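Student: have a look at this prediction, sequence included:
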Amino acid sequence: MSDHISTLISATEALEAQKAPDASPLFVDCRFDLYDPDAGRRQYEQSHIPGSVHADLDADLSGPVGDGSRGRHPLPTPEAFGATLRDWGLHPSRLVIAYDAGPGMFASRLWWMLHWVGHRQAAVLDGGLHAWRQASGTLTDAVSDVATGSFRSRANPDMTVDVHYVEALLENVSYMLVDARDNGRFAGTESAFDPKSGHIPGAVNHPYQSNLDASGAMLSPEQLKKQFARSCAGGVNPETVMYCGSGVSACHNILAAVHAGLPWPLLYPGSWSEWSSHPDRPVATGG
């Protein structure tokens, strides 16, 4: 396997890992559609990589939304997520291969969350199901029985920041906030999902799609470094805060930064959906 197994695994490598008799990976199908939340489950039931379990963004990779003041996809408690991982059959040494339809936005949320609760044996299938099919990987509609796993979560609170941290950042001229949404939503010319359009003042725009090539695979580490250098003046550092609409595509930017060999940045899970829920928080447009 490649040196970047902690971030990405190719379809060819995943096919080889699937054949391991005593150390088969846990494949997790993360397909989801923000406009049709049940689509991912339907797609999983129609066909998936053999042995896969399904991760639903709303039910499995998020906690209760409540009144919405914590954003559209707040993190679940580490205990609740740990229980989900055990239900999927996760053991401490088992490799998890997260995949989605291709770009990796939803798979990267699971990848980040696994690291958050202390499971480092995790990789995103580079190119997703598209790459799997291109590599002649088989699909099935059969759902396998899963034996309960033994993994116990130990969350790392230093990987995230909250809204109060971000509010305090606005007083610091040297802070770096990076928004993973597309430019229309960042600039405020397009509205989707949230009550207000625009971005957190001082943020720069690095759409997660800029991490990908035309086929939907991740760019090389060298190309990613150049992309981040263009969008993030001064580069990515451990104090860089990644955000997006609801803490999902920001995980793709973290995945890309780590894959490029850059420092692991922070995640603001509430992101724009939390920030824009309060009428008194400042909003910037343009850019």
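Tutor: Sure, I can see it.

Student: helix, strand or coil for Tyr44?
Tutor: Classification of Tyr44 using DSSP: H, G, I helix; E, B strand; the rest coil returns helix.

Student: give me the number of residues near it?
Tutor: Neighbour count for Tyr44, taken as other Cβ atoms under 10 Å: 20. No exception for glycine: its C-beta is placed from N, CA and C like everyone else's.

Student: ok, and the closest non-adjacent residue to it?
Tutor: Closest residue to Tyr44 apart from its sequence neighbours, by Cβ to Cβ, 6 or more residues apart in numbering: His54 at 4.3 Å.

Student: my guess is the one you found meets His48, correct?
Tutor: Yes: contact criterion Cβ atoms under 8 Å: His54 and His48 qualify, at 7.3 Å.

Student: which of the three states applies to the most centrally placed residue in the chain?
Tutor: The C-alpha lying nearest the average C-alpha coordinate of the chain belongs to Arg109 (Cα atoms, centre = their mean; 2.3 Å). When classified by three-state DSSP, Arg109 comes out as helix.

Student: about what we covered before: who's more crowded, His54 and His48?
Tutor: Comparing His54 with His48 by other Cβ under 10 Å, the one with more neighbours is His48, at 23 against 19.

Student: how about that one, what does it touch?
Tutor: Shown in contact with His48 (Cβ atoms under 8 Å, 6 or more residues apart in numbering): 27, 29, 54, 139-141.

Student: who wins for most neighbours among these?
Tutor: Using other Cβ under 10 Å as the neighbour criterion, Asp29 leads these with 27 neighbours.

Student: what separates that residue from Trp88, distance-wise?
Tutor: Here Asp29 is placed at a distance of 11 Å from Trp88 (Cβ to Cβ, to the nearest Å).

Student: between these two, which contacts overlap?
Tutor: 53, 55.

Student: render the CA-only coordinates of stretch 74-81 in CSV, please.
Tutor: What follows is stretch 74-81 as a C-alpha-only set of coordinates in CSV (Å, rounded to 0.1, in the frame of the first residue of the first chain):
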residue,chain,number,x,y,z
PRO,A,74,-23.3,19.0,14.4
LEU,A,75,-20.9,16.2,15.5
PRO,A,76,-22.4,13.4,17.4
THR,A,77,-21.1,12.7,20.9
PRO,A,78,-17.9,10.5,20.9
GLU,A,79,-19.9,7.9,22.8
ALA,A,80,-22.7,7.8,20.3
PHE,A,81,-20.3,7.6,17.4
